[in-house]
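Asks: model this:
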Amino acid sequence: RGAPEVDLFEGMAGPVDPLPNTKITKPYFSTSLQVSPGVSAPRPVLTHRPLKGKWYEGMSYGPNTTLNNFFYGVTLKHSPSSYTYQSDAISANTQLGLRDFSDFQTFAVDWRPGESLEWFHKGVSVYKITQESLTNVTGARVPLEPSYLIMNTAISSTWGFPAKAEGCECETFECGDPKCACALPPGFCDNLQHADFEVDYVRVWQEKESLGCSPRAYPTRKYIAAFPEKFSLEGSTVPLLPVQRGGGSCSSSSDCGGDGDCLASGTCACRVNTGPNCRATDMSYPPGTYVDADADDIRVSGVYVPAPLAVGLAALAVAGVW
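Replies: Numbering: from 1, shown residues only. This next block holds a predicted model:
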C-alpha cells in the first residue's frame, strides 16, 4: 500500500574526490523516502539533475545538503508482471567530515503521517518533504501506515563500488578472493578490519492518536495474521515473536546487564530490564495506554509519551570509526 521506505541515514565513505553535478564529496550520508507510484517517463538520469517540472520539487534542504543525484529509485519486478511497479527515491545527501567518525552523532526523523517527513543531524534540520511535493507529481502519500525499524550494516556492490573493469573475473566480492582486487574500492578490505558501527540508543515518540502498532485506520496486527508467510523468518511459522526476558548465558551477574542475576543454571534472570541478558529497557506500554485495532472498544486512559516531545520522532545515536 504505497510501498513506503524511509531511510533515516545511509552512509557513503570513500576518498574526498569531486563527484559529478553536486557540491557534495565523500564521505556523506543520504536521507530518503522511497515510495510508489513512481514517475514513469522521462525518468532522471543518474548523476544528472532532473528535468525541470519532471521530478519532485519544493523540498527543503539544510546546511551542507543537496539533492541526491545518484539514486532516483528502481523498477521492482515481480511475478505476475502486473505486480511490477516503479519506486521513486526522493533523496538528499549531507556532507560529513572526519570528526563525524570519531564521536557519537544523533540522527532523527520527524514523521507526520500524510503531512511531512523531516530529517535532522545533530539537532539541525537537513531535509524536509511535504505532502504537496508528492501530490503535484504522482499523488503518492507521505506514509500513513505503521512501520518497523531496521538498524543494520548493509554493504552492496551496486552502491559505491567501482564498475568492474573489462576482464575482471570477480564474482564473490570477497576480500580474501584474489580475483576481486579489481572490483573492490581502494582500501575497502583494510577499512573493514578497523571499523566499528555502534548504536547507543533508539527512541521513538508517538502521538496519542496513533499510539501502538495497530491503529484503527491501518490494522497491522490483523494484516500480519492474514499473511503470516510475508512476515516470518525462514524456517519459522510465527511472524510475531515475544521479546525474550532473561535466559541468556552467563558466568556471573555482570553478564546480565547490571540489572539481572546469573542463576546456578548459567542463565540470566532479569529484575527490571528485558532481553536475553537484561540489557534492554522494558518499553512495554503501561496498562490502558496501548491502542490496538483488534479491540472492539478502543479507549486510551493515558499517554506514555515524555512531554513535551509528543511527536512522531525516531532518534538514533551512532558512532563509526573508519
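Asks: can you give me the helices in the stretch 51-200 of the chain?
Replies: 131-135, 188-193 (DSSP state H, counting those that start in this stretch).
Asks: Point out the most buried one among these.
Replies: helix 131-135 (a mean of 16; mean count of other Cβ atoms under 10 Å). From N, CA and C alone the C-beta is placed, and that goes for glycine too.
Asks: what's the nearest residue to residue 165 if we skip its chain neighbours?
Replies: Nearest residue to residue 165, sequence neighbours excluded (Cβ to Cβ, 6 or more residues apart in numbering): residue 182, at 5.5 Å.
Asks: check contacts around the one you found.
Replies: If you count contacts by Cβ atoms under 8 Å, 6 or more residues apart in numbering, residue 182 has them with 164-165, 167-168, 170.
Asks: May I see the ChimeraX selection of the buried members of the residues you listed?
Replies: Buried members of the contacts of residue 182 can be picked out in ChimeraX with the line below, counting by 16 or more other Cβ atoms under 10 Å:
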select :164,170
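Asks: in the protein, which residue is closest to the centre?
Replies: The chain has residue 7 as the residue nearest its centroid, 4.3 Å off, counting by Cα atoms, centre = their mean.
Asks: starting at the chain centroid, how far to the one helix or strand that one maps to?
Replies: Assigned by DSSP states H and E, residue 7 belongs to strand 5-12. Here strand 5-12 shows a centroid-to-chain-centroid distance of 6 Å under the convention Cα atoms, centre = their mean, to the nearest Å.
Asks: And for stretch 262-277?
Replies: For stretch 262-277, the distance to the chain centre is 30 Å (Cα atoms, centre = their mean).
Asks: List the buried residues for it?
Replies: Quick answer for stretch 262-277 (16+ other Cβ under 10 Å): 262, 267-270, 273-277.
Asks: pLDDT score for the residue nearest to residue 165?
Replies: Note on residue 182: pLDDT of 91.
Asks: Start at 6, not 1
Replies: Shifting the count to begin at 6 puts that one at residue 187.
Asks: for it, phi and psi?
Replies: The phi/psi pair for residue 187 (degrees, to the nearest 10) reads phi -90, psi 0.
Asks: Which stretches in the stretch 156-305 of the chain count as strands?
Replies: 201-210, 266-267, 273-274 (DSSP state E, counting those that start in this stretch).
Asks: show me what contacts the residue nearest to the centre of the chain?
Replies: Going by Cβ under 8 Å, 6+ apart, residue 12 touches 35-39, 96.
Asks: Give the residue spans of this protein that score low on pLDDT.
Replies: Residues of the chain that meet the criterion pLDDT under 70 lie in 6-8, 165, 214-216, 288-327.
Asks: ok, the strand holding residue 12: who's next to it in the sheet?
Replies: The strands beside strand 10-17 in its sheet (DSSP bridges) come out as strand 33-40 (antiparallel).
Asks: Can you get me a residue count around residue 34?
Replies: 24 (other Cβ atoms under 10 Å).
Asks: which residues pair with it across the strands?
Replies: Residue 34 has these beta-bridge partners by DSSP bridges: residue 16, residue 99.
Asks: That one against residue 99, yeah?
Replies: Yes - applying Cβ atoms under 8 Å, one finds residue 34 in contact with residue 99, separated by 5.6 Å.
Asks: thinking again about what came up before, would you mind saying which of the helices of the stretch 56-205 of the chain lies nearest residue 83?
Replies: If you check each of the helices of the stretch 56-205 of the chain against residue 83 by Cβ to Cβ, helix 136-140 wins as the nearest, at 22.9 Å.
Asks: How far does that closest one sit from its chain's centre?
Replies: In terms of Cα atoms, centre = their mean, the centre of helix 136-140 is found 22 Å from the chain centre.
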